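Chemist: Next input, structure requested:
(chains A and B)
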Amino acid sequence: EAGVTQFPSHSVIEKGQTVTLRCDPISGHDNLYWYRRVMGKEIKFLLHFVKESKQDESGMPNNRFLAERTGGTYSTLKVQPAELEDSGVYFCASSLLTGGPYNEQFFGPGTRLTVL
Amino acid sequence: AQSVTQPDIHITVSEGASLELRCNYSYGATPYLFWYVQSPGQGLQLLLKYFSGDTLVQGIKGFEAEFKRSQSSFNLRKPSVHWSDAAEYFCAVVTSGTYKYIFGTGTRLKVLA
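Modeler: You can find the predicted model right below:
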């Protein structure tokens, strides 16, 4: 069974440009999460989808970030316009809905975003 | 606010030596506790988790962790490290009522041949 996949693996853009990151969760996983790791810091939660609905977006840094999950399947995270401090590794994770928070979250390999 | 502390940013051990990675959390009640490992180019992989019951938890790849409520700790151990264990290790908690992980800053393990 395929794991969580993320595209692209790397992205280098200039300040002010737009970037869209994509995440494909494990099939059947209704929970989908986005996290970000800025260099040298801890991995921080951004938001949580249950199917197509945003359950918790308390970690979204500001309104330059827009996350969507079309039809409860794949998800996109758009940054517009990108700023230097948005650089980091963006992780996507998914988990089953049954079992609650104790369920393992399965992580993708991450997208490394560099804003110049 | 809940927080997780991994005091050691880098640890170097010789192959075959024992390993202990420290993790302390700040939370009033017993949280859900996790250890993940990230090898280069890979996503985070779950090593083990704890919620209740036996405070010594066995995980994959020969790892174990012990929950100590009195010390608010959940340290990861391995009796004999293999070169393939070189990776970055993350401790995380999930608190009641949420699904979001709160991570420590990670510990990067280097294994000497």
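Chemist: Get me the contact residues on chain B for chain A.
Modeler: B:4, B:32, B:34, B:36, B:41-46, B:49, B:51, B:90, B:94, B:96, B:98-106 (CB under 8 Å from any CB of the partner chain). C-betas here are computed from N, CA, C, even on glycine.
Chemist: The same query, at a cut-off of 7 Å, please.
Modeler: B:32, B:41-44, B:46, B:49, B:51, B:90, B:94, B:98-101, B:103-105 (CB under 7 Å from any CB of the partner chain).
Chemist: Generate a ChimeraX selection restricted to the buried subset of those residues.
Modeler: Selection of buried members from the residues of chain B next to chain A for ChimeraX, criterion 16 or more other CB atoms under 10 Å in any protein chain shown:
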select /B:32,43,44,46,49,90,94,98,99,100,101,103,104,105
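Chemist: Filter the residues of chain B next to chain A down to the ones in strands?
Modeler: Here DSSP state E is the test, and these give B:32, B:44, B:46, B:49, B:90, B:94, B:103 as lying in strands.
Chemist: got a markdown table for those, with pLDDT too?
Modeler: Below are those laid out as a markdown table (pLDDT from 0 to 100):
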| residue | pLDDT |
| --- | --- |
| B:32 | 90 |
| B:44 | 94 |
| B:46 | 95 |
| B:49 | 94 |
| B:90 | 97 |
| B:94 | 90 |
| B:103 | 96 |
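Chemist: now the closest residue to residue B:73 other than its chain neighbours: how far from chain A?
Modeler: Excluding the flanking residues, the one nearest residue B:73 by CB to CB, 6 or more residues apart in numbering or on different chains is residue B:24, at 5.2 Å. Distance of residue B:24 to chain A, computed by CB to the nearest CB, to the nearest Å: 14 Å.
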